[in-house]
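Q: One predicted model, sequence on top.
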Amino acid sequence: RYSYSKYNKWEKIVAWTANIAAKYPKLVSRIQIGTTTEERPMYLLKVGKQRSAKNAIFIDCGIHAREWISPAFCQWFVKEATKTYGKDKLMTKLLNSLTFYILPVLNIDGYVWTWTADRMWRKNRSNSSNTNCIGTDLNRNFDVQWCSIGSSNKACSEVYCGPAAESEKETKAVANFIRNNIQSIKAYLSFHSYSQMLLYPYSYTYELAPTHEELNDVAKAAVGALSSLYRTNYTYGPAASTIYPTSGSSADWAYDKGIKYSFTFELRDRGKYGFLLPEYLIKSTCKETMLATLSIKRQ
Ligand SMILES: Nc1ncc(C[C@H](C[SeH])C(=O)O)cc1Cl
Ligand SMILES: [Zn+2]
Ligand SMILES: [Zn+2]
Ligand SMILES: [Zn+2]
């Protein structure tokens, strides 16, 4: 049996994507949107009852390799959706009216590296410079104010923006999919760890986003829903002033493409375990995050 309260290595996750699509053919389909630097297939799970997606929500997990709770949440979300469809009123309503595009692990090569070589690895595994340093920070590689703030043009930096915007195959695959489905995608959720924050645009400037007030209201409600379960404290606000300014992020890029509901979660914890969140905390973290995520969907 597949465990949703353990961290699963890539081989298990990729088999799971096939199995869950096979198990729920009317609810789940698997789409390959590209391949990674090391030629691993990037599978997206399309979840929902809509024949052709009219209203969709894109969820990216695992953009940073060491943030293991993020892919764990994406798996949890798909499990909850498939398990409660037809039983839970809200989930059934959502899945009848919305399509969820869920990318369980965006940075697959980096995720594998954290299992095999370096648990604290963050970037992807591309080798694009004449230095002996590897990897681009995929959350600095999107084509939005690229490499202007909170990122570095040094290949050895943990926030290396890459040789060019969308230089990475992983970034290109996601950006192309969004561009090809821009009409239907109404929300973009990006899951990271750690800090317990719910962030919204912008990160690339301290300027308030045009829809700041609405984003703040949605974030406030979502954090309220999240903390109603175990009283977990989250802060929320514009990314630049709430965590730090960064350019080239998937969330800012999506927002400026017109996807107005763009949110980034920094999941548990606040530093006790950091990226090494123990497996016994996966369940409670995912349950509270489900409440926040469904709260955003409902708005
Ligand atoms: N647009 C953003 N850019 C960066 C972050 C923080 C994450 C935390 Se791991 C990062 O550094 O990429 C968060 C947001 Cl919302
Ligand atoms: Zn991250
Ligand atoms: Zn983080
Ligand atoms: Zn308000």
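A: All right, it came through fine. Ligands and ions are numbered 1, 2, ... in the order given.

Q: Quick check: residues of the stretch 101-250 of the chain near ligand 4?
A: With Cβ under 5 Å from the ion as the criterion, the stretch 101-250 of the chain meets ligand 4 at residues 213, 217. Every residue, glycine included, has its C-beta placed from N, CA and C.

Q: so where do the helices sit in the stretch 101-250 of the chain?
A: In the stretch 101-250 of the chain, the segments counted as helices under DSSP state H, counting those that start in this stretch are 108-116, 169-180, 212-230, 239-242, 250-256.

Q: Most tightly packed of these?
A: helix 250-256 (a mean of 26; mean count of other Cβ atoms under 10 Å).

Q: Quick check: beta-bridge partners of whichever residue of the stretch 51-200 of the chain sits closest to ligand 4?
A: Per Cβ to the ion, Tyr200 is where the stretch 51-200 of the chain lies closest to ligand 4, at 13.0 Å. In this entry, Tyr200 is beta-bridged to Pro238, by DSSP bridges.

Q: how many neighbours does it have?
A: 26 (other Cβ atoms under 10 Å).

Q: do the one 5 residues further on as well
A: Around Thr205 there are 17 other residues, counting by other Cβ under 10 Å.

Q: State the distance from the closest residue to Gln299 other than its chain neighbours to Leu90.
A: Computed as Cβ to Cβ, 6 or more residues apart in numbering, the closest residue to Gln299 that is not its neighbour in sequence is Val218, at 4.9 Å. As judged by Cβ to Cβ, to the nearest Å, Val218 and Leu90 stand 17 Å apart.

Q: same deal with Trp16?
A: 25 Å.

Q: and what of Thr37?
A: 39 Å.

Q: More neighbours: which of the two?
A: Thr37 (20 against 11).

Q: And for that one, nearest residue in space, chain neighbours not counted?
A: Ser126 is the one closest to Thr37 (Cβ to Cβ, 6+ apart), at 4.3 Å.

Q: And Asp269, by the same measure?
A: Tyr194 (5.5 Å).

Q: wait, what's in contact with the one you found?
A: By Cβ atoms under 8 Å, 6 or more residues apart in numbering, the contact set of Tyr194 is 67, 69, 266-271, 273-275, 277.

Q: I'd like to know which of those are part of strands.
A: 266-267 (DSSP state E).

Q: got the CA coordinates for stretch 120-130 in CSV?
A: C-alpha atoms of stretch 120-130 as CSV (Å, rounded to 0.1, in the frame of the first residue of the first chain):
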residue,chain,number,x,y,z
MET,A,120,19.9,19.9,1.6
TRP,A,121,20.1,20.4,-2.2
ARG,A,122,17.7,23.2,-3.5
LYS,A,123,18.3,23.9,-7.1
ASN,A,124,17.9,21.7,-10.3
ARG,A,125,20.8,19.6,-11.6
SER,A,126,21.6,21.4,-14.9
ASN,A,127,25.2,22.3,-15.7
SER,A,128,25.1,25.6,-17.5
SER,A,129,28.3,27.3,-16.6
ASN,A,130,32.0,26.9,-17.0
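
Q: Run through who's touching it.
A: Outside of stretch 120-130, the residues within contact range by Cβ under 8 Å, 6+ apart are 36-38, 64-66, 107, 109-110, 113-114, 134-138, 155, 158, 160, 162-163, 167-170, 275.

Q: what are the ranges of the strands in the stretch 1-150 of the chain?
A: 28-35, 41-47, 56-61, 99-103 (DSSP state E, counting those that start in this stretch).

Q: Now for the residue in the stretch 101-250 of the chain that ligand 4 sits nearest to: which residues touch it?
A: Going by Cβ to the ion, ligand 4 is nearest to Asp217 of the stretch 101-250 of the chain, at 4.1 Å. Applying Cβ under 8 Å, 6+ apart, we find Asp217 in contact with Gln299.

Q: And for Gly62?
A: Per Cβ under 8 Å, 6+ apart, neighbours of Gly62: 70-71, 74, 103-108, 111, 191.

Q: give me the subset of the contacts of stretch 120-130 touching ligand 2.
A: His64.

Q: Give me every residue in the stretch 101-250 of the chain lying close to ligand 1.
A: With Cβ under 6 Å from any ligand atom as the criterion, the stretch 101-250 of the chain comes near ligand 1 at residues 139, 192, 199, 203, 239, 243, 246, 249.

Q: Quick one: those as TSV, columns for pLDDT and distance to Leu44 too.
A: Below are these laid out as TSV (pLDDT from 0 to 100; distance: Cβ to Cβ, whole Å):
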residue	pLDDT	distance to Leu44
Asn139	98	18
His192	98	19
Leu199	98	23
Ser203	98	24
Ala239	98	24
Ile243	97	27
Thr246	98	24
Ser249	98	19
